[in-house]
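Visitor: using only what follows, build the 3D model:
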Amino acid sequence: MPSDFTDREWPRRPVSIAASIKDAHGEQSSGTLIDISERGCRIRFLDADALKVGDIYHIRFAGLNVQAACVAWSRSKVAGMRFVSLIESSVIGELSTRWKRLSAMKNARSGKDHPGQPLW
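Guide: As a prediction, this is how the structure comes out:
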């Protein structure tokens, strides 16, 4: 896992979005997208062990069409994924903005800090 997530060509933005991945054999796992950039994302899995670096998966989450991604690194139930195709900056910006609004609304209602649960 990279030690410095801020020193990147494509900085990742924090999010909390329910996601699922599917491998070439149709096996599916679910989890939470915890950050995203135009080039990749980081996912915390609920039901998968460490993924094999180099394997290709299809990622599905709210706000974006299914994306093909390659496992860049994996530790326990968290993996860094590199999208096969670059995602438009405007799409990433909209996802991040929408997540921030939903998070602020949920926090205002509950009186708590970040809930740690996917908002979509």
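
Visitor: buried ones in stretch 71-81?
Guide: With burial defined by 16 or more other CB atoms under 10 Å, the residues of stretch 71-81 counted as buried are V71, A72, S74, K77, V78, A79, G80, M81. To be clear about C-beta, it is placed using only N, CA and C from the backbone, and glycine gets the same treatment.

Visitor: okay, and which of the residues you listed map to strands?
Guide: Mapping the buried residues of stretch 71-81 onto strands (DSSP state E) picks out V71, A72, S74, V78, A79, G80, M81.

Visitor: just the closest of those to M105, please.
Guide: V78 (26.8 Å; CB to CB).

Visitor: and the helices in this structure?
Guide: Taking DSSP state H, the helices of the chain run over residues 89-110.

Visitor: which stretches of this protein have low pLDDT?
Guide: For the chain, the stretches with pLDDT under 70 are 1-8, 110-120.

Visitor: the same query, at a cut-off of 80, please.
Guide: Across the chain, residues meeting the criterion (pLDDT under 80) sit at 1-10, 47-50, 62-64, 98-120.

Visitor: nearest residue to the middle of it?
Guide: L33 (2.7 Å; CA atoms, centre = their mean).

Visitor: show me what it is bridged to.
Guide: Counting by DSSP bridges, L33 is bridged to I17, I43.

Visitor: could you pull up the residues touching it?
Guide: V15, S16, I17, A18, A19, C41, R42, I43, I59, F61, P118 (CB atoms under 8 Å, 6 or more residues apart in numbering).

Visitor: try 6 Å
Guide: If you count contacts by CB atoms under 6 Å, 6 or more residues apart in numbering, L33 has them with V15, I17, A19, C41, I43, F61.

Visitor: about what we covered before: save the ones in strands among the buried residues of stretch 71-81 as a markdown table, and put in distance to A108 too.
Guide: Formatted as a markdown table, those follow (distance: CB to CB, whole Å):
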| residue | distance to A108 |
| --- | --- |
| V71 | 37 |
| A72 | 36 |
| S74 | 36 |
| V78 | 29 |
| A79 | 32 |
| G80 | 32 |
| M81 | 32 |
